[in-house]
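Trainee: Dropping the sequence and predicted coords here.
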Amino acid sequence: MRKKIQKVGQKSMALFALTILGVYNSFAQSSAGIDQATSEVSSYVDPVANLIIAIGAVVGLIGGVRVYIKWQSGDQDTQKAIMGWFGACLFLILVGVVIRAFFA
């Protein structure tokens, strides 16, 4: 009777050890997947940040031309247009910098 209890105990300990190893292995695989996803997202950060900064430059040039045209025509809303144009350019440039800082 005592030997049967010992065999059952040994079998249960072996099953427990295999279960723990299986769980550990599954955590290791998910960690590798997370690391791979992180590296893929990090590879997209620089091109996206550069694209946003380039869009900011184009918006800046277009906005500058629009402000110049308003100023030459004597429009009273020139200051309002300058503030809107400057705010849009500043926002786009800061978004590009923040994206780079957040994911780097």
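Mentor: On my side now, so go ahead. Numbering: from 1, shown residues only.
Trainee: how near is residue 83 to residue 40?
Mentor: Using C-beta to C-beta, to the nearest Å, residue 83 is found at 40 Å from residue 40. Glycine gets a C-beta too; all of them are placed from N, C-alpha and C.
Trainee: oh, I was asking about residue 58
Mentor: Separation of residue 58 from residue 40 (C-beta to C-beta): 28 Å.
Trainee: now do residue 16
Mentor: The spacing between residue 16 and residue 40, counted by C-beta to C-beta, is 37 Å.
Trainee: and if you look at residue 74?
Mentor: According to C-beta to C-beta, residue 74 and residue 40 sit 54 Å apart.
Trainee: now residue 68
Mentor: Noted for residue 68: a distance of 43 Å to residue 40, by C-beta to C-beta.
Trainee: can you map out the helices along the chain?
Mentor: Listed in chain order, the helices of the chain (DSSP state H) span 2-73, 78-103.
Trainee: looking at these, which is buried most?
Mentor: With neighbours defined as mean count of other C-beta atoms under 10 Å, these peak in mean count at helix 78-103, which reaches a mean of 14.
Trainee: Let me know the average pLDDT across that helix.
Mentor: Mean pLDDT, helix 78-103: 83.
Trainee: Give me the packing partners of it, helices and strands only.
Mentor: Under the contact criterion of 3 or more C-beta pairs under 8 Å, 6 or more residues apart in numbering; DSSP states H and E, helix 78-103 touches helix 2-73.
Trainee: show me where pLDDT drops low in this protein?
Mentor: Across the chain, the ranges flagged by pLDDT under 70 are 1-11, 15, 17-18, 21-31, 104.
Trainee: how about a cut-off of 90?
Mentor: Scanning the chain for pLDDT under 90 picks out 1-64, 66-71, 73-104.
Trainee: Quick check: residue 63 touching residue 88?
Mentor: Yes: applying C-beta atoms under 8 Å as the test, residue 63 and residue 88 come out as touching, 6.6 Å apart.
Trainee: Could you pull up the contacting residues of the closest residue to residue 63 other than its chain neighbours?
Mentor: Nearest residue to residue 63, sequence neighbours excluded (C-beta to C-beta, 6 or more residues apart in numbering): residue 85, at 3.3 Å. Residues in contact with residue 85, defined by C-beta atoms under 8 Å, 6 or more residues apart in numbering, are 59, 60, 63, 64, 66, 67.
Trainee: Nice, that's everything, thank you.
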